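Asker: Structure, please.
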Amino acid sequence: MAQAVPPAADGGVPTLHVYTNLVQVPTLVLTMTNDPIGKPIAETRFSVSIDSGRWFRATHVRQEGDDPISLSILLDVSGDTADVMPKMEDALGKLALLSLHPRDRVSVYALDCTLRRSLHDAPADSVSLKRAAGVALEPWMMRKRAKQGEGCELRGHLWDGLGAVAVALSDLPGRRVILAVTDGRDTGSKNSWNAVRYFAQTKGIAVFALNYAPVSSMGMGNYRAGRGGYLPGGGGASAVEEPLFSVCELSGGLVMRMNDSAALSKSLERFVTLLRERYIVEFPRAANSTAGEHGMEVKIDKGIYKIRPSGVSVPLPDPAWMADPTTIQTGPSQTPEEGKRKVVNKPQ
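Answerer: Numbers count the residues shown, from 1 in each chain. Model prediction:
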């Protein structure tokens, strides 16, 4: 007759349960002329505010360095940007060789008559990226050689294309980033730029754009010096006039201008350098945390900078372990406090 096996005794040894209770936010910090800072900034100078709550000193801050990146590259062949596309294969191959790491993952898309994906969440090696650029751009190159440029249903639907790329990227691990090579013009998308901006913010996706267009200005007079807050209007380009600036900068990215197609490789390398030099701002989950999306501002003491944090989406802790009497709770004095004003506004 089988005998029941008695449960193993733990000998009274206590068990330590460790739960993640920290939020990390990649934050781009630039000079007021959009240049890198240079000398690293001490972590003691960083403070955060959630939904306009009280300012709280960040727990830990470091530069991003070699953290794995999930990068989606969108090649928009509309307008002036088409001039740089024939050089894209070699430029992306060189980028993978010199700037990206084996742990980075890359997806490649081209936006023309359709949104065409030629690579999805693949290791960032030179051969794969070069081939992916060629495959993505092949239909456009064939039409260009045949001088068949009209009749494209999705030509210029930038916000629809960017939104689809963001959705595909949203569940991937790593630091999620989109690089759109585009002239920034949209000609009939069903989605608005503001909807794309909101989705990118709430999913923690930083959108960068490489804008090859000799005209238009990068002047942005609507920032509060030394903070990550964005003020619509107030001088310079407005959100209505320059939606690409708003999508990029409100999501934690940047519009990079390029006036010479010969500078494509250097511009791509600068983009990756900006990613590696972002700051990872770390702080505990707010004691009064609520589920969903939250606006975050960052300020740096003793300096005037452009500061662009990626969006914050805070998951609530498991009620079961929160109710466990053995769980050590973090006191309110040790955490940020959410404010009452939602900085991340949903599109109307």
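
Asker: now what about the longest helix anywhere in the chain, what contacts it?
Answerer: As assigned by DSSP state H, the longest helix anywhere in the chain is helix 126-145. Residues outside helix 126-145 that contact it (C-beta atoms under 8 Å, 6 or more residues apart in numbering): 75, 77, 82, 85-86, 88-90, 92-97, 106, 108-110, 112-113, 116-119, 122, 149. (Each C-beta comes from the backbone N, C-alpha and C, glycine too.)

Asker: Alpha carbons of stretch 134-144, as CSV, please.
Answerer: Provided in CSV are the C-alpha atoms of stretch 134-144 (Å, rounded to 0.1, in the frame of the first residue of the first chain):
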residue,chain,number,x,y,z
GLY,A,134,17.3,46.2,-50.6
VAL,A,135,14.2,43.9,-50.3
ALA,A,136,12.1,46.6,-48.7
LEU,A,137,13.0,49.2,-51.3
GLU,A,138,12.9,46.8,-54.4
PRO,A,139,9.4,47.5,-55.6
TRP,A,140,10.0,51.3,-55.3
MET,A,141,13.3,51.0,-57.1
MET,A,142,11.7,49.0,-59.9
ARG,A,143,9.0,51.6,-60.4
LYS,A,144,11.5,54.4,-60.3
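
Asker: Which positions within that stretch qualify as buried?
Answerer: By neighbour count on 16 or more other C-beta atoms under 10 Å, the buried set for stretch 134-144 is 134-137, 139-140, 143-144.

Asker: Return the closest of those residues with respect to residue 55.
Answerer: residue 136 (44.7 Å; C-beta to C-beta).

Asker: Could you export the buried residues of stretch 134-144 as a markdown table, including pLDDT and distance to residue 63?
Answerer: Shown next, in a markdown table, are the buried residues of stretch 134-144 (pLDDT from 0 to 100; distance: C-beta to C-beta, whole Å):
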| residue | pLDDT | distance to residue 63 |
| --- | --- | --- |
| 134 | 95 | 34 |
| 135 | 96 | 34 |
| 136 | 96 | 32 |
| 137 | 95 | 34 |
| 139 | 90 | 40 |
| 140 | 88 | 38 |
| 143 | 82 | 43 |
| 144 | 78 | 41 |
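
Asker: CSV for the residues you listed, including distance to residue 261?
Answerer: Converted to CSV, the buried residues of stretch 134-144 look like this (distance: C-beta to C-beta, whole Å):
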residue, distance to residue 261
134, 17
135, 21
136, 18
137, 15
139, 21
140, 16
143, 20
144, 15
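
Asker: Shouldn't residue 119 be within a helix?
Answerer: No: Residue 119 is assigned strand when assessed by DSSP: H, G, I helix; E, B strand; the rest coil, not a helix.

Asker: what pairs with it across the strands?
Answerer: Per DSSP bridges, the residues bridged to residue 119 are residue 108.

Asker: Touching, it and residue 106? I think so.
Answerer: Yes: with contacts counted by C-beta atoms under 8 Å, residue 119 reaches residue 106, the gap being 6.3 Å.

Asker: With neighbour numbers in mind, choose between those two.
Answerer: residue 106 (24 against 21; other C-beta atoms under 10 Å).

Asker: What's the separation between that one and residue 187?
Answerer: 28 Å (C-beta to C-beta, to the nearest Å).

Asker: next one: residue 95
Answerer: As judged by C-beta to C-beta, residue 95 and residue 187 stand 29 Å apart.

Asker: Can you read off the backbone torsions of residue 279?
Answerer: phi -100, psi 140 (degrees, to the nearest 10).

Asker: sorry, that was for residue 101
Answerer: According to degrees, to the nearest 10, residue 101 has phi -120, psi 160.

Asker: Tell me who's in contact with it.
Answerer: Residues in contact with residue 101 (C-beta under 8 Å, 6+ apart) are 66, 68, 124.

Asker: which among those residues end up buried?
Answerer: residue 124.

Asker: domain ranges for this protein?
Answerer: The chain breaks down into these domains under automatic domain parsing: 22-64+286-334, 69-276.

Asker: Out of the ones you listed, which is the most enclosed?
Answerer: Most buried of the domains of the chain by mean neighbour count (mean count of other C-beta atoms under 10 Å) is domain 69-276; its value is a mean of 19.

Asker: quick one: contacts for residue 163?
Answerer: Counted by C-beta under 8 Å, 6+ apart, residue 163 has contacts 189, 191, 195-196, 199.

Asker: Mind checking which of the residues you listed are in helices?
Answerer: Reading helices off the contacts of residue 163 with DSSP H, I get 195-196, 199.

Asker: partners of residue 282 in the sheet?
Answerer: Using DSSP bridges, the beta-bridge partners of residue 282 come out as residue 24, residue 60.

Asker: burial of it, as a residue count?
Answerer: 17.

Asker: all strands for the stretch 1-150 of the chain, in order.
Answerer: Per DSSP state E, counting those that start in this stretch, the stretch 1-150 of the chain carries strands over the ranges 22-30, 46-50, 56-57, 60-63, 69-76, 105-111, 115-123.

Asker: any low-confidence regions in the stretch 151-300 of the chain?
Answerer: For the stretch 151-300 of the chain, the stretches with pLDDT under 70 are 151-155, 213-241, 287-293.
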